[in-house]
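>>> return a 3D structure for these sequence lines:
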Amino acid sequence: MVADSSTDSLISWTAEGDCFMVTDPPELSRKVLPVYFKHGNWQSFVRQLNMYGFHKINDLAYGGVFGDAQLWMFKHPCFRRGELRLLQGIKRRGTKHGRSASPEPAGPAAPEAVCATRPAPARPAEPAAQTQTQTPAERDPRVSDILDDPVSAAPGPPADGYMGGLRDCISALQRSNAELQRENQEMRAAIASCQGAFAGIMRN
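Predicted structure coming up:
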């Protein structure tokens, strides 16, 4: 943004190149900020600069050569014209307790955008993958009963109820396994029969 010569009348480097100046904040907020950020709020822009360690410079203390009351100048030791390698030294300042402050909902991104020539397009969020795997408790409600309340899973004293429910569950699993084995054997026999018929057709 600072390096864009088409906006030099609103925001630009100083002659020394160690800070940048904004000559017309209202016009910058209206024409430039919405192009690079999700807002056009001047105060939010200034707060974000302060959050990353930029300091406003008094123009009189800097030299007194600018008489415009609207002039704002900002400086950071790692933000200098042509020194892109220094940008990695610009860090978000933490709170008083040493934790990073929460980002503002409509605030600008990292200060690297200040010197960018064009905004980067936002990437759409990727939907989270969904799994369809069923747990043993979902496949057999009796397993869920035992896991949720093993003591009261079956009538009778607590220990007997738990063991009885567990035995019932094991028996059900054994029956289910036997049924699967039987179906598997029938399927194998059907496949063998089809293979025999196919072989007979091929011989003829």
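>>> now for the helix ranked longest in the chain, which elements pack on it?
Identified as the longest helix of the chain according to DSSP state H is helix 158-203. Helices and strands touching helix 158-203, by 3 or more C-beta pairs under 8 Å, 6 or more residues apart in numbering; DSSP states H and E, are helix 141-148. (Glycine included, C-beta is placed from N, CA and C.)
>>> now tell me which helix or strand of the chain has the poorest mean pLDDT.
Here the helix or strand of the chain ranked lowest by mean pLDDT, DSSP states H and E is helix 59-62, holding a mean of 48.
>>> quick check: next helix or strand after that one?
strand 72-75 (DSSP states H and E).
>>> parallel or antiparallel, list what pairs with that following strand.
strand 19-22 (antiparallel), strand 55-57 (antiparallel) (DSSP bridges).
>>> among these, which is nearest residue 83?
Checking the strands paired with strand 72-75 against residue 83 by C-beta to C-beta gives strand 19-22 as the closest, at 12.5 Å.
>>> helices or strands up against whichever helix or strand comes after that closest one?
Once the chain leaves strand 19-22, the next helix or strand it forms, by DSSP H and E, is helix 25-31. Judged by 3+ C-beta pairs under 8 Å, 6+ apart, the packing partners of helix 25-31 are helix 42-51.
>>> what's across from residue 57 in the sheet?
Under the criterion used here (DSSP bridges), residue 57 is bridged to residue 73.
>>> and the pLDDT for it?
As predicted, residue 57 sits at a pLDDT of 87.
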